[in-house]
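Undergrad: Attaching a predicted model along with its sequence, questions to come.
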Amino acid sequence: MPKSSGDIATSSTGAKYEVVPCWSYEELNEKFGGDKTGYEGDSEWCHTNGSSTYDSWTDGGKHMFFVIARKGWEDIEPPDPKTLYSAYDDYGMSLIAILVGIADNSLLKSTLRWNHVVLP
């Protein structure tokens, strides 16, 4: 697996994204979790409150995460959680975690910043 990140751009918005490999839950949380998200919530993705889910997702090192991070994601404000929101808004789409099987490069799971699990 490559340990460097790459850039991709979307044609519809022109927004640039960086692909960031994360080999463990701890690394995922260090780069994208906790107070870095600007959202006070109980979800385990981005505004993490525990590692059990992601430890089970990585399956003892058999799987790893790739985060597709929109440039400037830190500055995208979350909507008020008391109002209706879309997982596919700028905030939700600013970070996408994809779980990949290391042995066969299979796409296993993915989730958006709002903790919505979506099919890879």
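TA: In hand now; what should we look at? Residues are numbered from 1 along each chain as shown.
Undergrad: quick one: low-confidence ranges for this structure?
TA: By pLDDT under 70, the weakly predicted segments of the chain are 1-13, 34-55, 115, 119-120.
Undergrad: can you do 50?
TA: Applying pLDDT under 50 to the chain picks out residues 1-5, 11.
Undergrad: can you give me the helices for it?
TA: Per DSSP state H, the chain carries helices over the ranges 25-32, 52-58.
Undergrad: List the buried residues in the first one.
TA: When you say that, I think you mean helix 25-32. Residues of helix 25-32 classed as buried: Y25, E27, L28, N29, F32 (neighbour count, 16 or more other C-beta atoms under 10 Å). (Glycine included, C-beta is placed from N, CA and C.)
Undergrad: want to throw the helices of the chain into JSON lines with distance to K109?
TA: Shown next, in JSON lines, are the helices of the chain (distance: least, C-beta to C-beta, whole Å):
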{"stretch": "helix 25-32", "distance to K109": "13"}
{"stretch": "helix 52-58", "distance to K109": "7"}
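Undergrad: To Y88, which of those helices lies closest?
TA: Closest to Y88 of the helices of the chain is helix 25-32 (C-beta to C-beta; 18.4 Å).
Undergrad: In terms of secondary structure, what does the closest one contact?
TA: strand 16-22, helix 52-58, strand 63-70, strand 95-101 (3 or more C-beta pairs under 8 Å, 6 or more residues apart in numbering; DSSP states H and E).
Undergrad: So for L107, which of these sits nearest?
TA: strand 95-101 (6.2 Å).
Undergrad: Next, the angle from the closest one to strand 63-70.
TA: Computed with axes from the mean of the first three to the mean of the last three C-alpha atoms, to 10 degrees, the direction of strand 95-101 lies at 160 degrees from that of strand 63-70.
Undergrad: Please name the strands paired to strand 95-101 in the sheet, noting orientation.
TA: Using DSSP bridges, the strands paired with strand 95-101 are strand 63-70 (antiparallel), strand 107-112 (antiparallel).
Undergrad: Can you add mean neighbour count and distance to D90 and give these back as JSON lines?
TA: Supplementary listing: the strands paired with strand 95-101 in JSON lines, determined by neighbours: other C-beta atoms under 10 Å; distance: least, C-beta to C-beta, whole Å:
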{"stretch": "strand 63-70", "mean neighbour count": "20", "distance to D90": "8"}
{"stretch": "strand 107-112", "mean neighbour count": "17", "distance to D90": "11"}
